[in-house]
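The following block contains a protein sequence and its predicted model.
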Amino acid sequence: MLDKLAGIEDRYNELERLMSDPEVASDYTKVAAYAQERSNLAPIVEAYRQYQAYTQQLEDARGMLDEEDDELREMAKAEADDLEARLASLEEQLKVMLLPKDVRDDKNVIMEIRAGAGGDEAALFAADLFRMYTYYAEKRGWKVNVIEQHDTGVGGFKKIVFEVKGEGAFSRLKWESGVHRVQRVPETESQGRIHTSTVTVAVLAELDEVDVELNMNDVRVDVFRSQGAGGQSVNTTDSAVRMTHIPTGIVVEVQDERSQLQNRMRAKQILLNRLYEQEMERQRLEQESERRGQVGTGERSEKIRTYNYPQNRVTDHRINLSSYNLPRVMQGEIDEFIDELATRDQAEKMAAG
């Protein structure tokens, strides 16, 4: 570990030298790239330097343990014990910082919520989840933009697709992918019976076009008139766009932008995201097939969380963690689940490494 940390510090120092080079300073693209890399390395370099400082201080303190003066010896012993504890804690932090980082963590997010089993009740809960994620995004200063929505007419969504823009959005929201189950008495239930419904949440990292190769010769593009609620036409031109990726059968439909060009651009971006996610899943399955205890695989068949309204309980089945304040969770307070999922994932990676 120390050799790896020393190499990271060498690279950090090299970046500082490069950025002070007059020839490099005149190339904005290089400067921006070096500055970003240095910024990414800065936290681990700072922690490593603190680790080195503690190590030196501990060596000095241990050198005083043979002092004849009882008071000095006791002070040295207390300082050594304190430094050993700090070093142990810092070493664990450094191990976590050295874990391979998900390259998508800093990306913005496209989320897709679909009503599953349960009819109108599932669609209503899809709308509840959309509000929950909107509240969560607002608390973190992220921006939410709706891309596509299919209303039920009774306040629910058969499907809603939206983007979340903000620092670290994917690193937090990626844990939400999967099947969310709700147990409650629907407003339309006259006999007070509890119904169980499901909603599927998909989380995709928003990607630059260079991140995945897309041959438009493999894409069939259809245009048609945008439709409003109840099938009512909202304009008189063929501005809505449907893209079908022939090799994979993936279909993307966008009609919410003002022009056909904007809808084409948005549809292409979503198609790229889905192709990338498919490729990432293929690689994940190859590399981590049947790995026990895997957290947050994103398999859509997983029941990841249950929202039980009669018992005021939300349970995340991946980590067996329950919250008994369901209204607070539905107001976007989901960090306790996300933090524990991230911590468990780190622990598994450390154990595997």
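It's in.

Can you show me the strands along this structure?
Per DSSP state E, the chain carries strands over the ranges 109-115, 143-151, 157-165, 178-184, 195-205, 219-224, 240-245, 250-254, 303-308, 313-316, 321-323.

Comparing those strands, which comes out most buried?
strand 109-115 (a mean of 23; mean count of other C-beta atoms under 10 Å). From N, CA and C alone the C-beta is placed, and that goes for glycine too.

Which secondary structure elements does it sit against?
helix 119-139, strand 157-165, helix 169-173, strand 195-205 (3 or more C-beta pairs under 8 Å, 6 or more residues apart in numbering; DSSP states H and E).

nearest to Y12, of those?
Taking C-beta to C-beta, helix 169-173 is the member of the helices and strands packed on strand 109-115 nearest to Y12, at 22.3 Å.

returning to what we had before: format the helices and strands packed on strand 109-115 as TSV; extra columns: distance to L341 and mean pLDDT.
Putting the helices and strands packed on strand 109-115 into TSV (distance: least, C-beta to C-beta, whole Å; pLDDT from 0 to 100) gives the following:
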stretch	distance to L341	mean pLDDT
helix 119-139	14	93
strand 157-165	18	92
helix 169-173	10	91
strand 195-205	13	86
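
can you tell which of those is closest to L98?
Among these, if distance is taken as C-beta to C-beta, the winner is helix 169-173, at 16.7 Å.

buried ones in that closest one?
Judged by neighbour count using 16 or more other C-beta atoms under 10 Å, the buried positions of helix 169-173 are 169-173.

Dump the strands of the chain to JSON lines, plus distance to L58.
Putting the strands of the chain into JSON lines (distance: least, C-beta to C-beta, whole Å) gives the following:
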{"stretch": "strand 109-115", "distance to L58": "43"}
{"stretch": "strand 143-151", "distance to L58": "47"}
{"stretch": "strand 157-165", "distance to L58": "45"}
{"stretch": "strand 178-184", "distance to L58": "46"}
{"stretch": "strand 195-205", "distance to L58": "42"}
{"stretch": "strand 219-224", "distance to L58": "62"}
{"stretch": "strand 240-245", "distance to L58": "59"}
{"stretch": "strand 250-254", "distance to L58": "57"}
{"stretch": "strand 303-308", "distance to L58": "44"}
{"stretch": "strand 313-316", "distance to L58": "40"}
{"stretch": "strand 321-323", "distance to L58": "37"}
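
Quick one: residues contacting I113.
Contacts for I113 were tallied using C-beta atoms under 8 Å, 6 or more residues apart in numbering; they are 126, 129-130, 157, 159-161, 199-202.

how near is the spatially closest residue to K174 that is not a sequence neighbour to I113?
Of all residues not flanking K174 in the chain, V203 sits nearest, at 5.3 Å (C-beta to C-beta, 6 or more residues apart in numbering). Taking C-beta to C-beta, to the nearest Å as the measure, V203 falls 10 Å from I113.

what stretches of the chain score poorly on pLDDT?
Residue ranges of the chain with pLDDT under 70: 100, 188-190, 207-212, 226-237, 283-302, 352-353.

Tell me which residue of it is furthest from the middle?
Distance from the centre of the chain peaks at E68, with 57.1 Å (C-alpha atoms, centre = their mean).

burial measure for M97, as a count.
Look at M97: counted by other C-beta atoms under 10 Å, it has 14 neighbours.

That one touches V45, doesn't it?
No. If you go by C-beta atoms under 8 Å, M97 and V45 don't touch, sitting 10.0 Å apart.

pretty sure Y12 contacts N40?
No. Here Y12 does not reach N40: they are 9.7 Å apart, not a contact under C-beta under 8 Å.

The two - which one has more neighbours?
Per other C-beta under 10 Å, whichever of Y12 and N40 has more neighbours is Y12, with 19 against 12.

Now do the same contact list for the more buried one.
By C-beta under 8 Å, 6+ apart, the residues touching Y12 are 38, 41-42, 45.

Which of these sits closest to Q331?
Closest to Q331 out of the contacts of Y12 is A42 (34.6 Å), distances taken as C-beta to C-beta.

Can you tell me, leaving aside adjacent residues, what's nearest to the closest one?
Y12 (7.2 Å).

Please report how far that neighbour lies from L87.
21 Å.

same check, this time on L271
50 Å.

Of these two, give the one with the bigger neighbour count.
Taking other C-beta under 10 Å, L271 and L87 do not tie; L271 has more neighbours (22 against 16).

Was I right to think that one contacts T248?
No. Using C-beta under 8 Å, L271 is not in contact with T248; the gap is 9.5 Å.

Against E16, how distant is S39?
Noted for S39: a distance of 12 Å to E16, by C-beta to C-beta.

repeat for L65
38 Å.

what's the burial count for L18?
Neighbour count for L18, taken as other C-beta under 10 Å: 16.

Was I right to think it contacts V24?
Yes. L18 lies in contact with V24 (C-beta under 8 Å); the separation is 5.2 Å.

could the contacts of I113 be laid out in TSV, adding distance to D82?
Formatted as TSV, the contacts of I113 follow (distance: C-beta to C-beta, whole Å):
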residue	distance to D82
A126	53
L129	47
F130	49
F157	55
K159	56
I160	53
V161	53
V199	50
T200	51
V201	46
A202	48
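
Closest one to E277 out of these, please.
Nearest to E277 out of these is A202 (C-beta to C-beta; 8.1 Å).
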